[in-house]
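K.L.:
Take a look and give me a structure for this.
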Amino acid sequence: MSGKDNSLRSISTRLDGKNYTYWSYVMKNFLRGKNMWGYVTGTKVKLSVPQTENFDMLLDAWETDNSKVITWINNSVTQSISMQLAKYNTVKEAWNHLERLYTQSNFAKQYQLEYDIRALQQNDQSIQDFYAAISDL
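P.N.:
Numbers count the residues shown, from 1 in each chain. Take a look at the predicted model:
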């Protein structure tokens, strides 16, 4: 990664289990901006066989960046979700777990969404806030 970046927090949006689509969009753009998206896609892979004379340095750099991205992800999800990610050693494994968990299509999720949409009321919200709430669902 170019330059120093000591920030622990990546994005202001926190994955809570209901907002995966938006969270993944924001996180993907953040990681692309940091030139770290390759850790999610698997194009930046951990070297396993010493092929170059600077193998140790390259391996250390990969592990440092992988840990940095995992930290960013952990700091942008709720604690219960973060605890689920503790068993994964790579960003790719953690991201794939979240993707499988929150993009699966199932009847319970569909029912919950339909229920939430029917229960939503404008009350004292402005039109813009109410529209945003509907759009979020």
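K.L.:
Please make it C-alpha for all contacts and neighbour counts, starting now.
P.N.:
Noted.
K.L.:
Now for Y88, how many residues are close by?
P.N.:
13 (other Cα atoms under 10 Å).
K.L.:
nearest residue to it other than its sequence neighbours?
P.N.:
Spatially, and ignoring its direct neighbours in sequence, Y88 is nearest to A94 (5.7 Å; Cα to Cα, 6 or more residues apart in numbering).
K.L.:
who's in contact with that neighbour?
P.N.:
Counting by Cα atoms under 8 Å, 6 or more residues apart in numbering, A94 makes contact with I70, L85, Y88.
K.L.:
Backbone dihedrals for the closest residue to L47 other than its chain neighbours, please?
P.N.:
Closest residue to L47 apart from its sequence neighbours, by Cα to Cα, 6+ apart: L59 at 6.1 Å. Main-chain torsions, L59, degrees, to the nearest 10: phi -60, psi -40.
K.L.:
L59 touches K46, doesn't it?
P.N.:
Yes: under the criterion of Cα atoms under 8 Å, L59 makes contact with K46 at 6.6 Å.
K.L.:
quick one: what helix or strand has the residue nearest to Y88 in it?
P.N.:
Element membership for A94 (DSSP states H and E) is helix 91-103.
K.L.:
chain center to that helix, what's the gap?
P.N.:
8 Å (Cα atoms, centre = their mean, to the nearest Å).
K.L.:
ok, then the element right after that helix?
P.N.:
helix 107-119.
K.L.:
Any chance you could give me that following helix in PDB, C-alpha atoms only?
P.N.:
Extracted as PDB, the C-alpha positions of helix 107-119 are listed here (Å, rounded to 0.1, in the frame of the first residue of the first chain):
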ATOM      1  CA  PHE A 107     -38.200 -17.100   2.400                       C
ATOM      2  CA  ALA A 108     -37.600 -15.900   5.900                       C
ATOM      3  CA  LYS A 109     -35.600 -12.900   4.700                       C
ATOM      4  CA  GLN A 110     -38.300 -12.100   2.000                       C
ATOM      5  CA  TYR A 111     -41.000 -12.300   4.600                       C
ATOM      6  CA  GLN A 112     -39.200 -10.000   7.000                       C
ATOM      7  CA  LEU A 113     -38.600  -7.400   4.200                       C
ATOM      8  CA  GLU A 114     -42.300  -7.500   3.200                       C
ATOM      9  CA  TYR A 115     -43.400  -7.200   6.800                       C
ATOM     10  CA  ASP A 116     -41.000  -4.300   7.400                       C
ATOM     11  CA  ILE A 117     -42.300  -2.500   4.200                       C
ATOM     12  CA  ARG A 118     -45.900  -2.900   5.200                       C
ATOM     13  CA  ALA A 119     -45.200  -1.700   8.800                       C
END
